[in-house]
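A.B. asks: Sequence and predicted structure are below.
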Amino acid sequence: MDNIKIEIMSLNDLKEYDFKKTDATVYFLKLFEHQRIANKNEIRLDKIQKKSSILQENILEYAMLQKKDDMSFLKFYSDFSKIPNDEYFFMFVGDFQWSAELKLKEIIDLEKLNGQETVDMDSVLEPIQDILKNYSIVKLNLSKKIRIGRKRKEDRICRFCKKSMKDGALFTNEAHAISEALGNKKIILNEECDTCNSYFDKEIERHLIGYLDFIRTLYKVPNKSNKVPNLRGKNYEFRNSNDGTQLIIYNRDHLKRVNEKKDRIILENHETVVPQNVYKSLVKFALSIIDSKYLVEFQKSIDWIRGQSEVERVPKIAMAVGKNNQTTQPDLVVYIRRNNCMNLPYAIGEFKFLTITFIFIIPTFKSEECDFLNECDFNHIWDCFKHYGPIESLRMMDFSSNNKQKNNFELNIANNKI
Ligand SMILES: [Zn+2]
């Protein structure tokens with residue numbers, strides 16, 4: 001059965017609801033301002049709605065009547081009652097993917113409708129005008145569970161190997177668009193077959209997860225089994241206790257001191273990391289969340305992350321580290337160029353994990369596109385993406401190597417600071 005998706009935008013909130021497509025839902029929606037469609041037993045909801053105490057009472061009455069069969073109306077009521085009386089709100093019907101620009105525009109319209117002094121749209125958009133001029137922005141709402149792609153397994157085609165069940169692909173496992181070990185429980189990719197899922201898991205994503213091991217443990221990000229991880233390296237153990245305390249035990253005899261003052265030490269790990277696979281993981285996440293219509297542009301990138309082709313060098317990744325932009329869930333934004341401005345990359349990803357932001361180019365490996373292997377070509381990017389701030393705050397890191405590298409952490413033990 002299909003569902004009816006409704007979004008309610010009020011001054012304080014944007015909430016989404018998934019109602020079953022039943023007569024009860026249609027009756028429920030008729031409580032709101034609507035137009036009848038001539039000759040059809042259908043209605044079209046007005047976008048502009050006004051909250052009133054009568055509407056609230058009607059909704060409650062109906063929700064109570066239906067609660068035995070369907071609790072979703074009661075849940076709706078509990079949110080709805082929080083909107084103040086006489087406030088205008090917007091109602092959107094359908095599967096809505098908000099672009100940042102569109103959402104901002106609607107919020108400003110709603111504020112105006114409610115008589116609020118609002119900022120001029122142009123002044124809000126000024127710092128990001130160059131991005132909006134050149135790029136479409138893909139950003140997922142991370143507060144709800146999202147399944148990307150067709151629901152029925154028989155209808156699915158794997159984004160990466162292009163196989164369907166008819167070609168022998170299986171879709172038994174739930175594939176996460178972003179690794180579950182990085183805290184993503186919500187973004188599921190229906191269009192990833194079991195073979196690709198297992199390949200990415202074993203061959204590439206574990207390198208990014210390993211690279212982020214220390215920070216995952218430090219910020220207690222639950223792993224796949226929903227447990228806060230502990231770490232054990234060659235010369236140390238990092239324990240997270242049930243009572244919330246954290247303990248790093250290191251073996252003094254096997255410590256390498258970095259400097260004379262002996263306040264920086266190296267924690268050595270057993271596992272190694274292949275830097276280029278860290279890069280591939282980020283690209284895999286980005287290719288998982290973009291609209292499938294763009295995939296045709298990334299065929300060479302897909303071959304590369306699947307290990308079907310090899311690349312010697314990849315563009316550097318710009319990394320920003322700071323406590324200010326700490327996110328509790330991994331956050332991913334993808335920018336896709338919408339013009340032929342060839343001094344900008346076709347696609348850029350911005351992956352935030354706790355205190356780290358990775359800004360990476362999603363290479364298309366097309367000859368007509370700039371390859372950005374030369375660091376000074378990045379200046380065009382920084383001119384466009386002004387919100388990243390001064391370039392000095394970014395560290396340019398080379399993840400080109402295809403060889404296993406030690407994955408050690410440097411620890412500052414002066415003042416117990418890490
Ligand atoms: Zn596949």
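C.D. replies: In hand now; what should we look at?
A.B. asks: okay, CA-based contacts and neighbour counts for the rest of this
C.D. replies: OK.
A.B. asks: So which bits of stretch 400-408 are buried?
C.D. replies: Using 16 or more other Cα atoms under 10 Å as the test for burial, stretch 400-408 gives S400, S401, N407, N408.
A.B. asks: neighbouring contacts of it?
C.D. replies: Identification of contacts with stretch 400-408 by Cα atoms under 8 Å, 6 or more residues apart in numbering yields 210-211, 266-269, 271-277, 312-316.
A.B. asks: can you do 6 Å?
C.D. replies: Here stretch 400-408 makes contact (Cα atoms under 6 Å, 6 or more residues apart in numbering) with L267, E268, N269, T272, V273, V274, P275, Q276, R313, V314.
A.B. asks: Verify the stated contact: the third one with G233.
C.D. replies: Yes: using Cα atoms under 6 Å, N269 and G233 qualify as a contacting pair, with a distance of 4.2 Å.
A.B. asks: Please enumerate the shared neighbours of those two.
C.D. replies: Shared contacts of N269 and G233, defined by Cα under 6 Å, 6+ apart, are absent.
A.B. asks: Of the two, give the one with the bigger neighbour count.
C.D. replies: N269 (18 against 15; other Cα atoms under 10 Å).
A.B. asks: Where helices are concerned, which of the buried residues of stretch 400-408 count?
C.D. replies: If you go by DSSP state H, those have nothing in helices.
A.B. asks: I'd like those as CSV, with pLDDT and distance to I146 appended.
C.D. replies: Formatted as CSV, those follow (pLDDT from 0 to 100; distance: Cα to Cα, whole Å):
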residue, pLDDT, distance to I146
S400, 97, 32
S401, 97, 34
N407, 88, 33
N408, 85, 35
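A.B. asks: Torsion angles phi and psi at R156?
C.D. replies: phi -80, psi 150 (degrees, to the nearest 10).
A.B. asks: what's the answer for F238, then?
C.D. replies: According to degrees, to the nearest 10, F238 has phi -120, psi 110.
A.B. asks: What is the burial count for the closest residue to it other than its chain neighbours?
C.D. replies: Once flanking residues are discounted, F238 sits nearest to I248: 4.4 Å by Cα to Cα, 6 or more residues apart in numbering. Each residue near I248 was counted by other Cα under 10 Å, and the total is 13.
A.B. asks: so I248, which of the three states?
C.D. replies: What DSSP: H, G, I helix; E, B strand; the rest coil gives for I248 is strand.
A.B. asks: distance of it from S72?
C.D. replies: I248 sits 47 Å away from S72, going by Cα to Cα, to the nearest Å.
A.B. asks: and the next element down the chain from the helix or strand of the chain with the lowest mean pLDDT?
C.D. replies: Taking mean pLDDT, DSSP states H and E as the measure, the chain has strand 256-257 as its least confident helix or strand, at a mean of 62. Toward the C-terminus, strand 256-257 is succeeded by strand 264-267 as the next helix or strand (DSSP states H and E).
A.B. asks: Run through who's touching stretch 25-41.
C.D. replies: I43, R44, L45, D46.
A.B. asks: Please repeat the previous calculation with a cut-off of 7 Å.
C.D. replies: The contact list for stretch 25-41 (Cα atoms under 7 Å, 6 or more residues apart in numbering) reads F19, E42, I43, R44, L45, D46, Q49.
A.B. asks: If any of these are buried, put those into a ChimeraX selection.
C.D. replies: Buried residues within the contacts of stretch 25-41, by 16+ other Cα under 10 Å, are selected in ChimeraX with:
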select :19,43,45,49
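A.B. asks: Can you get me the start-to-end distance on stretch 108-125?
C.D. replies: 12 Å.
A.B. asks: what sits against N230?
C.D. replies: Counting by Cα under 7 Å, 6+ apart, N230 touches T217, F238, R239, N240.
A.B. asks: Can you work out which other helices and strands pack against the longest strand anywhere in the chain?
C.D. replies: For the chain, the longest strand by residue count, based on DSSP state E, is strand 327-337. When contacts are defined as 3 or more Cα pairs under 7 Å, 6 or more residues apart in numbering; DSSP states H and E, strand 327-337 packs onto strand 135-139, strand 347-354.
A.B. asks: Output those as a markdown table; include the columns mean neighbour count and mean pLDDT.
C.D. replies: Shown next, in a markdown table, are the helices and strands packed on strand 327-337 (neighbours: other Cα atoms under 10 Å; pLDDT from 0 to 100):
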| stretch | mean neighbour count | mean pLDDT |
| --- | --- | --- |
| strand 135-139 | 19 | 88 |
| strand 347-354 | 22 | 93 |
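A.B. asks: Any chance of the ones you listed in CSV with distance to the ion as columns?
C.D. replies: Output for these, formatted as CSV (distance: least, Cα to the ion, whole Å):
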stretch, distance to the ion
strand 135-139, 23
strand 347-354, 22
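A.B. asks: In JSON lines, list those strands along with distance to G149.
C.D. replies: Shown next, in JSON lines, are the helices and strands packed on strand 327-337 (distance: least, Cα to Cα, whole Å):
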{"stretch": "strand 135-139", "distance to G149": "15"}
{"stretch": "strand 347-354", "distance to G149": "20"}
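A.B. asks: what's the closest of those strands to C370?
C.D. replies: In terms of Cα to Cα, the element of the helices and strands packed on strand 327-337 nearest to C370 is strand 347-354, at 11.5 Å.
A.B. asks: to the chain's geometric centre, what's the distance from stretch 180-194?
C.D. replies: Computed by Cα atoms, centre = their mean, to the nearest Å, the separation of stretch 180-194 from the middle of its chain amounts to 11 Å.
A.B. asks: Check whether it comes into contact with the ion.
C.D. replies: Yes: Stretch 180-194 lies within reach of the ion by Cα under 5 Å from the ion, at C193.
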